[in-house]
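A.B. asks: test case, fold it:
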Amino acid sequence: GTGDDGAPGPIPAGLDRYYHQRLQWGDCAPYATTADDRQSYRTPGLSCARLTVPMDYAKPDGPTITIGVLRKPATGRRQGSVLFNPGGPGASGMSIVATIAEYNADPTLNASFDLVGFDPRGVGSSTPAIACQSDEQRDADRAENWPGFMPSSTPAEVTAANDASKAFVQACVQTISREGSSHGIDGKAFLAQVGTTNVAKDMDVLRAVLGDAKLTYVGWSYGTSIGTQYAEQFPHNVRAMILDGAINPDVDAATDNLDQTAAFQKAFTTFAAWCAPRQGCPWTSASRANSAFQHLAQPLMATPLPLSDGRVRSFLGAVTGVSGALYSARSWPDLLTALRDFATGKGDALMALADDYNGRDSDGHYSGLLEAFTAIRCMDSNRITDKAAVIKLNQQLLAAAPFQDNGQPAAAVFDTCAFWPVPPTMTPHVPHPDGLAPVLVISTTGDPATPYQDGVTLAGYLHGALLTVKGTRHTAFMLSGLSCVDRIGNDYLINLTAPQQG
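C.D. replies: Prediction:
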């Protein structure tokens, strides 16, 4: 049905006007927030709209916010919609669907389904957007190694690192208050509502407004967290769900950070072995890679490397450039070239990889991804506010990833979330979604960002099927060039056939 006869599925109390709204589809160009989007949003056949949802679901008559939605209609006999989220948190679902459409990346799926991307609340072209700092301030922070790698040898340095986090938090509250004032939206009140528990509620409104009695969804990385939350809140509304690159909902912030840091080190070691025999690699064997990289990067703590555009590359910039390139083995040749340049005192190539990760374009403008990442992450997990626990965790992080060691002692430098002005809306828990349709979890053995075991665990919690992909990469379904994964995923989404156990 089209939703004309009323929204399919049950409507939670007090939300009728949201579930019965009609989307006004139109040109996508005004929705583009980055240079890449400006190109891909012009792909023929796309249309865009804004979905209105309550800022606070406990106050449906209070201030409203909007969610950006992008649609590529089915090319054949339409079965319904597939909703997408590419992760982050803070990445744009509109952008990923526009990219899929631009490259016609999955004509099989698009024959039967509308492909629909949405920007979660506060993200991309949703309004208000989570925004904190100017482009100039972002550049300055990166030059100073914030967040994560500021000097910590003296009490004054530790205070400065924590003050930088406090200043960031204050900037988020003030900037959003300024943007939202005309709509009666206060920055602190809005930040309290950007967690994934609410994104799942928004996704149910969107499902109904699109006319789908049941949800079909693909979530990568953080997108698996949205899927898990949806499964918990609306288990009977799920038709099919691919969760690729799983986040384990039952892991606390410290363990999650440690597991991910160890997974990046594992990916670095895999890259290091590939690099060693190749010309220009700064090390001759994988066992020497950690010390060789530290030898290159640690001096940046005292003396950042000047770049051709007038900026400098800090230790943080070096680590970010390497880590960003570890998301896919396709980036290894670029990383090798960048490290070869770095060894001869040239920093531009490695900085370009770091800029890519940070969402900084050639004009020096940043996307909102990493600011939204922090705001949403802070609402989705427990906080570590005990000084001794923070020092211990920082020691463990140094041990877990030697290539990221900046030569500074572990100290009481807190994660930004410790200073967040509102309490989290989600903490570690085991999901119990009763009556959930069979879901498909995809997990990759050498995934640097979402460790393999988390996918095994999530599939168990949701009583879903597990597809294991061997390799060093972050996520595997669609846009990865893995035809066997795409075939299995599409067969599941279209025909509801899950792969065999094991």
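A.B. asks: can you pull up the most central residue in this protein?
C.D. replies: The residue lying closest to the centre of the chain (CA atoms, centre = their mean) is residue 88, at 0.7 Å.
A.B. asks: surely that residue and residue 222 touch.
C.D. replies: Yes: using CB atoms under 8 Å, residue 88 is in contact with residue 222, at 5.0 Å. Glycine gets a C-beta too; all of them are placed from N, C-alpha and C.
A.B. asks: find residues that contact each of these two.
C.D. replies: residue 376 (CB atoms under 8 Å, 6 or more residues apart in numbering).
A.B. asks: which ones are touching residue 79?
C.D. replies: So residue 79 contacts 112-113, 494 (CB under 8 Å, 6+ apart).
A.B. asks: can you give me phi and psi for it?
C.D. replies: The phi/psi pair for residue 79 (degrees, to the nearest 10) reads phi -90, psi -20.
A.B. asks: now do the one 3 residues further on
C.D. replies: Geometry field for residue 82 lists phi and psi as phi -110, psi 120, criterion degrees, to the nearest 10.
A.B. asks: please name the bridge partners of it.
C.D. replies: residue 115 (DSSP bridges).
A.B. asks: can you list the residue ranges for helices in the stretch 251-400 of the chain?
C.D. replies: 253-275, 289-297, 315-325, 332-343, 348-358, 369-379, 387-400 (DSSP state H, counting those that start in this stretch).
A.B. asks: tilt between the fourth one and helix 289-297?
C.D. replies: In this structure, helix 332-343 runs at an angle of 50 degrees to helix 289-297, with axes from the mean of the first three to the mean of the last three CA atoms, to 10 degrees as the basis.
A.B. asks: can you show me the CA trace of helix 332-343 as PDB?
C.D. replies: Extracted C-alpha coordinates of helix 332-343, given in PDB (Å, rounded to 0.1, in the frame of the first residue of the first chain):
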ATOM      1  CA  TRP A 332      47.300   0.100   1.100                       C
ATOM      2  CA  PRO A 333      49.200   1.200  -2.000                       C
ATOM      3  CA  ASP A 334      48.300   4.800  -1.200                       C
ATOM      4  CA  LEU A 335      49.400   4.300   2.400                       C
ATOM      5  CA  LEU A 336      52.700   2.800   1.300                       C
ATOM      6  CA  THR A 337      53.300   5.900  -1.000                       C
ATOM      7  CA  ALA A 338      52.400   8.300   1.900                       C
ATOM      8  CA  LEU A 339      54.800   6.500   4.300                       C
ATOM      9  CA  ARG A 340      57.600   6.600   1.800                       C
ATOM     10  CA  ASP A 341      57.100  10.300   1.400                       C
ATOM     11  CA  PHE A 342      56.900  10.700   5.200                       C
ATOM     12  CA  ALA A 343      60.300   9.000   5.600                       C
END
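A.B. asks: that older thread, want to try JSON lines for the helices of the stretch 251-400 of the chain, with distance to residue 227, mean pLDDT and mean neighbour count as columns?
C.D. replies: Formatted as JSON lines, the helices of the stretch 251-400 of the chain follow (distance: least, CB to CB, whole Å; pLDDT from 0 to 100; neighbours: other CB atoms under 10 Å):
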{"stretch": "helix 253-275", "distance to residue 227": "17", "mean pLDDT": "96", "mean neighbour count": "20"}
{"stretch": "helix 289-297", "distance to residue 227": "36", "mean pLDDT": "98", "mean neighbour count": "19"}
{"stretch": "helix 315-325", "distance to residue 227": "25", "mean pLDDT": "97", "mean neighbour count": "25"}
{"stretch": "helix 332-343", "distance to residue 227": "30", "mean pLDDT": "98", "mean neighbour count": "19"}
{"stretch": "helix 348-358", "distance to residue 227": "24", "mean pLDDT": "97", "mean neighbour count": "20"}
{"stretch": "helix 369-379", "distance to residue 227": "15", "mean pLDDT": "97", "mean neighbour count": "24"}
{"stretch": "helix 387-400", "distance to residue 227": "28", "mean pLDDT": "97", "mean neighbour count": "16"}
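A.B. asks: hmm, back to that, out of the contacts of residue 79, name the ones that lie in strands.
C.D. replies: Assigned to strands by DSSP state E, the following of the contacts of residue 79 qualify: residue 113.
A.B. asks: and of the contacts of residue 79, the nearest to residue 467?
C.D. replies: Of all these, residue 467 sits closest to residue 494, with 15.8 Å by CB to CB.
A.B. asks: what's the distance between the nearest residue to residue 133 once chain neighbours are set aside and residue 472?
C.D. replies: Nearest non-adjacent residue to residue 133, counting by CB to CB, 6 or more residues apart in numbering: residue 171, 5.4 Å away. Per CB to CB, to the nearest Å, residue 171 is found 36 Å from residue 472.
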